[in-house]
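Participant: here is my input; please provide its structure:
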Amino acid sequence: MDGHEAWEVACQQLQMLLDRNGYDTWIRGSFFVEFDKDNVFVVGVRNDFVRQMLQQRLYRNIRRVVSDVTGKQYEMRFEIRKAPVTEPEFTEEDMPLFRLPKVEERPKVEIPLHELIARPKPLQIEGIPLNTKMTFERFIPSETNRMTYEAAQAVVERPGHNYNPFMVYGGVGLGKSHILQAIGNNCAKMGLGVIYVSAEIFANDLIHAIRTNTTQLFRQRYREADVLLMDDMQFIIGKDATQEELFHTFEELHRFNKQIVFASDRHPRDFTDVEARLRSRFEAGLVTDVQPLTYEARLAIVEMWTLERQINIERPVLEMIAKKAYHHVRELEGMFVQVMAETRFKKSTLSLASAAQTLERYERPRQHLKKASSQEILVATSDYFNIPLTTLTGSSRVTRINIARQIAIYLIREMTDHSLNQIGEMFGRTHTTVLHSCTKMAEEIKISEDLKLQMERIRAKLP
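Facilitator: Okay, the predicted model is just below:
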């Protein structure tokens, strides 16, 4: 098949893709010119306005159709050329959308067509730039997240076919955005057009498009993507116009086997104020959750960070960070950065005790707490439990006394500026024992109403 035949077949397919007016205005009358030496498929067009439109708005559609017809990947170039003699001359009368009115009583003034037609400027919808560090190689899954990790890798093996749509949900800082960007980075390396945005950016782009009368350009930009990655999907809840536009974007992309990946903080069935038809699309694909990392996975992550940053942190310190930062990866990273900064500032490796003090300063904001002296807290605790001060600070292991002692240690740490070592000296204990007591109390106070009530009553006794 030569170039002329290929372009004729491509035009037939474009005629089915575009509406009638769009095809007649932009495609009809164009013709194949040549294959140039740089493997470019050159097409002749009638004027500069048509050339700009094909180059800026329809380029990807035309390139895709020509590549399908020829079986080879070509770049496209559109040049202003006079049509061959065999073709009828194309005039402005053949352009139904842009036919200019004839004024009989005045001599015709030649004005460039682009000056007579007000056309909107293309929207600059670039999405969120992909972070090149967010790769599958740097994502360390725990056993609880193995399915999500392997499903994401399956998506990039055959985008648009394996698990489409693919939705990941879970709490803050568990790796949802990392999974999305890892998929995006892999697909971008394959030459696919990737758009990564949050649902909020999508909604704001839509509002801007409506306000500037560029809705068609907005739709074309999103619906031409080969891979659409959308984060924070919970943002669409209660936003009817955004849901309507997203539904039609989803339908258009899914019809042509374009890959769609979503991330949210909750399962789609919990999207209470979202249209049923859109929610059903979310649930039609693979929906997986991400769970908090295990201790082993957290330790592997901090070890990876030390290697990447070429910094020497002793393993016991890394183990302490992995044990303390059990909520999410951002907490883990925050603690690691504190220890790393302290290590670089002192230009030496930190001992376990020094690292614990560094993390204590990081973890504990005290500005909002009532201030009291350690002696006042000891007296109030002693009075509440009816235990002598010497017994409270002594070595007795009786359960009632031990609980009172741990409460006193916790309150002194929370309400004063004393270090772990200073608190330990008051009770004849090491800073490690003090840290253990505080950690234990912090966890138990979340689940025990009795313990919380006891602490409030002790605080009420303070002057």
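Participant: only C-alpha atoms from now on, for both contacts and neighbour counts.
Facilitator: Noted.
Participant: skipping adjacent residues, who's closest to Y149 in space?
Facilitator: Using CA to CA, 6 or more residues apart in numbering and skipping the chain neighbours, the partner closest in space to Y149 is P141 (6.8 Å).
Participant: so what's that neighbour up against?
Facilitator: Neighbouring residues of P141 by CA atoms under 8 Å, 6 or more residues apart in numbering: 149, 293, 297.
Participant: I207: which of these is nearest?
Facilitator: The nearest member of the contacts of P141 to I207, counting by CA to CA, is Y149 at 34.6 Å.
Participant: following the helix or strand hosting the closest one, which helix or strand comes up?
Facilitator: Assessed by DSSP states H and E, Y149 sits inside helix 146-157. Moving toward the C-terminus from helix 146-157, the next helix or strand (DSSP H and E) is strand 166-169.
Participant: coming back round to it: got the contact list for the helix holding Y149?
Facilitator: Contacts of helix 146-157 (CA under 8 Å, 6+ apart): 136, 141, 161-164, 168, 179, 183, 186-187, 288-290.
Participant: tell me the mean pLDDT for stretch 72-91?
Facilitator: Per-region confidence: stretch 72-91 scores 72 on mean pLDDT.
Participant: of the contacts of P141 - the most surrounded one?
Facilitator: L293 (24 neighbours; other CA atoms under 10 Å).
Participant: surely R269 is in contact with R279?
Facilitator: Yes - with contact taken as CA atoms under 8 Å, R269 and R279 are classed as touching, separated by 7.0 Å.
Participant: ok, for E34, nearest residue in space, not its chain neighbours?
Facilitator: Nearest residue to E34 in three dimensions, chain neighbours excluded: V42, at 5.3 Å (CA to CA, 6+ apart).
Participant: didn't the one you found look like it was pressed against F32?
Facilitator: Yes - with contact defined as CA under 8 Å, V42 counts as touching F32 (6.3 Å).
Participant: redo the contacts of P141 as CSV? Include distance to M53 and pLDDT.
Facilitator: Formatted as CSV, the contacts of P141 follow (distance: CA to CA, whole Å; pLDDT from 0 to 100):
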residue, distance to M53, pLDDT
Y149, 42, 90
L293, 50, 83
A297, 52, 86
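Participant: wait, which of the residues you listed is closest to M233?
Facilitator: Closest to M233, out of all of the contacts of P141 and judged by CA to CA, is Y149, at 19.7 Å.
Participant: quick check: the gap between the closest one and A284.
Facilitator: The gap separating Y149 from A284 is 19 Å, by CA to CA, to the nearest Å.
Participant: give the contact list for the residue nearest the centre of the chain.
Facilitator: A centroid search over the chain (CA atoms, centre = their mean) returns S177, at 3.8 Å, as the residue closest to the centre. Residues near S177 by CA under 8 Å, 6+ apart: 231, 263.
Participant: N185 now?
Facilitator: So N185 contacts 130, 132, 134-135 (CA under 8 Å, 6+ apart).
Participant: pretty sure G44 is in a strand, no?
Facilitator: Yes - G44 sits within a strand when classified using DSSP: H, G, I helix; E, B strand; the rest coil.
Participant: partner residues bridging it?
Facilitator: G44 forms beta bridges with F31, E79, as assigned by DSSP bridges.
Participant: any idea how far H4 is from it?
Facilitator: Here the criterion is CA to CA. By it, G44 lies 11 Å from H4.
Participant: overlap of the contact sets of the two?
Facilitator: Joint contacts of G44 and H4 (CA under 8 Å, 6+ apart) are 31-33.
Participant: circling back to that earlier point, more neighbours: which of R269 and R279?
Facilitator: R279 (18 against 12).
Participant: all strands of this protein, in order?
Facilitator: With DSSP state E, the ranges of strands along the chain come out as 31-35, 40-45, 75-80, 166-169, 194-198, 227-231, 259-264, 286-289.
Participant: for stretch 176-187, the averaged confidence score.
Facilitator: Averaged over stretch 176-187, pLDDT sits at 92.
Participant: so which bits of that stretch are buried?
Facilitator: 176-187 (16 or more other CA atoms under 10 Å).
Participant: ignoring the adjacent residues along the chain, who's closest to L352?
Facilitator: V317 (5.5 Å).
Participant: to what extent is the one you found buried, counted in neighbours?
Facilitator: Using other CA under 10 Å: V317 sits among 20 other residues.
Participant: which ones are touching it?
Facilitator: Taking CA under 8 Å, 6+ apart as the criterion, V317 is in contact with 350-352, 355.
Participant: what about the helices in the stretch 301-450 of the chain?
Facilitator: Applying DSSP state H, counting those that start in this stretch to the stretch 301-450 of the chain gives helices spanning 315-324, 329-346, 352-363, 374-385, 389-392, 399-415, 420-427, 431-447, 449-461.
Participant: quick one: low-confidence parts of the stretch 251-400 of the chain?
Facilitator: 361-371 (pLDDT under 70).
Participant: picking up where we left off before, out of the helices of the stretch 301-450 of the chain, which gets nearest to E75?
Facilitator: helix 329-346 (43.2 Å).
Participant: off-centre distance for that closest one?
Facilitator: Its chain's average C-alpha position is 24 Å from that of helix 329-346, according to CA atoms, centre = their mean, to the nearest Å.
Participant: how about the CA coordinates for stretch 277-292, as PDB?
Facilitator: C-alpha atoms of stretch 277-292 as PDB (Å, rounded to 0.1, in the frame of the first residue of the first chain):
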ATOM      1  CA  ARG A 277     -23.800   4.500  37.500                       C
ATOM      2  CA  LEU A 278     -20.300   6.000  38.300                       C
ATOM      3  CA  ARG A 279     -19.900   4.000  41.500                       C
ATOM      4  CA  SER A 280     -20.700   0.800  39.600                       C
ATOM      5  CA  ARG A 281     -17.900   1.600  37.100                       C
ATOM      6  CA  PHE A 282     -15.400   1.900  39.900                       C
ATOM      7  CA  GLU A 283     -16.500  -1.500  41.400                       C
ATOM      8  CA  ALA A 284     -16.500  -3.200  38.000                       C
ATOM      9  CA  GLY A 285     -12.800  -3.500  37.900                       C
ATOM     10  CA  LEU A 286     -10.300  -4.700  40.500                       C
ATOM     11  CA  VAL A 287     -10.500  -2.900  43.800                       C
ATOM     12  CA  THR A 288      -7.700  -3.600  46.300                       C
ATOM     13  CA  ASP A 289      -6.700  -2.000  49.600                       C
ATOM     14  CA  VAL A 290      -3.300  -1.100  51.100                       C
ATOM     15  CA  GLN A 291      -2.700  -1.900  54.700                       C
ATOM     16  CA  PRO A 292      -0.100  -0.500  57.200                       C
END
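Participant: good, we can wrap up now.
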